[in-house]
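A.B. asks: here's my sequence, what's the structure:
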Amino acid sequence: MTYSYFPGCTLKTKAKDLDHYARISAQALGFTLEEIPDWQCCGGVYPMAKNEIATKLSSIRTLAKARDMGMPLVTLCSACHNVIKQVNHDMQSDENIVLKANNYLKLDTPYQGETEVLHYLEVLRDKVGFDEVKKKVVNPLKGKKIAAYYGCLLLRPGKTMQMDNPENPKILEDFIRVIGAEPVLYPMRNECCGGYLTLDKKSVAESRSNQVMTSAAENGAEMVITACPLCLYNLQKNSGVSDLPVVYFTELLAEAFGLK
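C.D. replies: From the prediction side, this is the model:
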């Protein structure tokens, strides 16, 4: 199976590991990530203003290209996934946005939300199947106590993202079990780390990320995994908890497959 793929800006720079380990793990599982040609930055933040069109156009171009390629669109970065999934929902449900966007873009075929948008985790769970993923594990991470950090962007708004229960998610915990480790449940796993406030109100970001990491450590975690480059930076640099490593989930997937 081949999927169109939107890596996003950060996966080309600071988050190369998230991208690299996802690609080689996909090969091991028998599917291909075909990068969208000439993709543009998604903007990193979903614009809440209903009459804001310009900042949605790059996402719409990407979605239209995936449609024209005849493939679902896969993302990895939590922020990119959130923006593209919400913009796609707009193009499925808001006639005013559909009209304005298509009038501006002048695509050969107007885009109306036809593309299926999937996070890489959803591909593992829903397309490949966690049972099949488990069969590829040659180096199970037995004995590792791993805390899943969702943050806010993977799960919310719940009715639009539809990845998991935003209040009691389990997709990352199920992933941790598949690679042979033990998931650690802790209260802050789906709370915001303050990532978008890192530059403007650093003290708030420090307080939020410290709460997350302290909660994970107090519940016995030896490691935290995430899908968000901004969350990883914030939890590593701003939490003050330096003895608890934070890594991308794809890195552990590759390790379990014997590829790292």
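A.B. asks: I figured Ala147 hits Tyr186, correct?
C.D. replies: Yes. In terms of Cβ atoms under 8 Å, Ala147 counts as a neighbour of Tyr186; the distance is 5.8 Å. Yep, even glycine has a C-beta here, placed from its N, CA and C like the rest.
A.B. asks: what touches both of these two?
C.D. replies: Residues within reach of Ala147 and of Tyr186 at once, by Cβ atoms under 8 Å, 6 or more residues apart in numbering, are 216, 219, 221.
A.B. asks: specify the local secondary structure of the nearest residue to Leu29 once chain neighbours are set aside.
C.D. replies: With Cβ to Cβ, 6 or more residues apart in numbering as the criterion, Leu29 has its nearest non-adjacent residue at 5.4 Å, and that residue is Val128. For Val128, the secondary-structure state derived from DSSP: H, G, I helix; E, B strand; the rest coil is helix.
A.B. asks: now Glu116, nearest residue through space, not along the chain?
C.D. replies: According to Cβ to Cβ, 6+ apart, the nearest residue to Glu116 is Pro72 (4.1 Å).
A.B. asks: ok, the one you found - contacts?
C.D. replies: Contacts of Pro72 were listed using Cβ under 8 Å, 6+ apart, and they are 3-4, 66, 115-118.
A.B. asks: pick out whichever of Ala147 and Tyr186 has more residues nearby.
C.D. replies: Each of Ala147 and Tyr186 had its neighbours counted (other Cβ atoms under 10 Å), and the higher figure belongs to Ala147 (28 against 20).
A.B. asks: the more buried one and Leu153, how far apart?
C.D. replies: 18 Å (Cβ to Cβ, to the nearest Å).
A.B. asks: with Glu173 instead?
C.D. replies: For Glu173, the distance to Leu153 (Cβ to Cβ) stands at 18 Å.
A.B. asks: between those two, tell me which one has more neighbours.
C.D. replies: With neighbours defined as other Cβ under 10 Å, Glu173 and Leu153 compare such that Leu153 has more, 25 against 20.
A.B. asks: wait, the more buried one touches Ser78, no?
C.D. replies: Yes. Under the criterion of Cβ under 8 Å, Leu153 lies in contact with Ser78, with a separation of 4.2 Å.
A.B. asks: which neighbours do these two share?
C.D. replies: Taking Cβ under 8 Å, 6+ apart as the contact criterion, the residues that touch both Leu153 and Ser78 are Cys228.
A.B. asks: remind me which helix or strand the closest residue to Thr75 other than its chain neighbours belongs to.
C.D. replies: Nearest in space to Thr75, with sequence neighbours left out and distances taken as Cβ to Cβ, 6+ apart, is His81 at 4.1 Å. Under the criterion DSSP states H and E, the helix or strand holding His81 is helix 78-93.
A.B. asks: can you count the residues close to Pro166?
C.D. replies: 17.
A.B. asks: verify the assumption that it is located in a helix.
C.D. replies: No. In this structure, Pro166 is coil, not part of a helix, as judged by three-state DSSP.
A.B. asks: that one contacts Gly158, correct?
C.D. replies: Yes. Because the distance of 4.1 Å satisfies Cβ under 8 Å, Pro166 is recorded as touching Gly158.
A.B. asks: spit out the residues that contact those two alike.
C.D. replies: With Cβ under 8 Å, 6+ apart applied, the contact sets of Pro166 and Gly158 do not overlap.
A.B. asks: from Cys41, how far off is the residue nearest to Asn139 when sequence neighbours are not counted?
C.D. replies: What sits nearest to Asn139 in space, not counting adjacent residues and going by Cβ to Cβ, 6+ apart, is Gly258, at 4.9 Å. When Cβ to Cβ is the yardstick, Gly258 and Cys41 sit 34 Å from each other.
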